[in-house]
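>>> Provide a 3D model corresponding to the input given below.
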Amino acid sequence: MQATQQTVNYVPTSQKEWRVLLKYIGANRAAIELRKTAEYFAETRACAVILSNHFEINPPQRIVRVCPWETLGVAAAVEVIANKYSVPRYMTTQDVHGAVSFTNCRE
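A predicted model of the protein is given here:
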């Protein structure tokens, strides 16, 4: 299990690495989804709330000057959550994105 955890929680830097990650996710999706517990979703929702509150005051930028994921600590939290539950960071990031509310944002 430890070897798997080390191999899935990285950020791909090339097309080849993306293909390998997506192939891994495709082959192991059922097992990964089982690791997404209520606690996992509570932690990802907490990250989404941080971002939602930020975007309510600071609408998303077309050209990103400062990454709120980094400045608010969400990127680090996503990495911790991904490692804790052995879910690829890519999927954890998707779960946070899916829970972010942009209802009060103006373009």
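
>>> run through the residues that contact the nearest residue in space to residue 101 that is not next to it in sequence.
With CB to CB, 6 or more residues apart in numbering as the criterion, residue 101 has its nearest non-adjacent residue at 4.3 Å, and that residue is residue 52. Quick note: C-beta positions are derived from backbone N, CA and C, even for glycine. Residue 52 is in contact with 100, 101, 102, counting by CB atoms under 8 Å, 6 or more residues apart in numbering.

>>> any chance of those in JSON lines, with secondary structure and pLDDT too?
Below are those laid out as JSON lines (DSSP: H, G, I helix; E, B strand; the rest coil; pLDDT from 0 to 100):
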{"residue": "100", "secondary structure": "coil", "pLDDT": "92"}
{"residue": "101", "secondary structure": "coil", "pLDDT": "86"}
{"residue": "102", "secondary structure": "coil", "pLDDT": "78"}
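
>>> so which of those residues is the most crowded?
Counting neighbours by other CB atoms under 10 Å, residue 100 leads those with 18 neighbours.

>>> beyond the strand or helix carrying residue 27, next helix or strand please.
Using DSSP states H and E, residue 27 sits in helix 15-34. Sequence-wise, the next helix or strand downstream of helix 15-34 (DSSP H and E) is helix 38-57.

>>> quick one: mean pLDDT for that next one?
The average pLDDT within helix 38-57 is 94.

>>> on that earlier part again, how close does the residue nearest to residue 101 sit to residue 76?
18 Å (CB to CB, to the nearest Å).

>>> check what pLDDT the residue nearest the centre of the chain gets.
Computing the C-alpha centroid of the chain and ranking residues by CA atoms, centre = their mean puts residue 93 first, at 1.3 Å. Looking at residue 93, its pLDDT reads 93.

>>> residue contacts, it?
Neighbours of residue 93 in contact, by CB under 8 Å, 6+ apart: residue 78.

>>> coming back round to it: so which elements touch the helix holding residue 27?
helix 2-8, helix 89-99 (3 or more CB pairs under 8 Å, 6 or more residues apart in numbering; DSSP states H and E).

>>> low-confidence bits of this structure, can you list those?
1-10, 104-107 (pLDDT under 70).

>>> again, 50 this time
1-7, 107 (pLDDT under 50).
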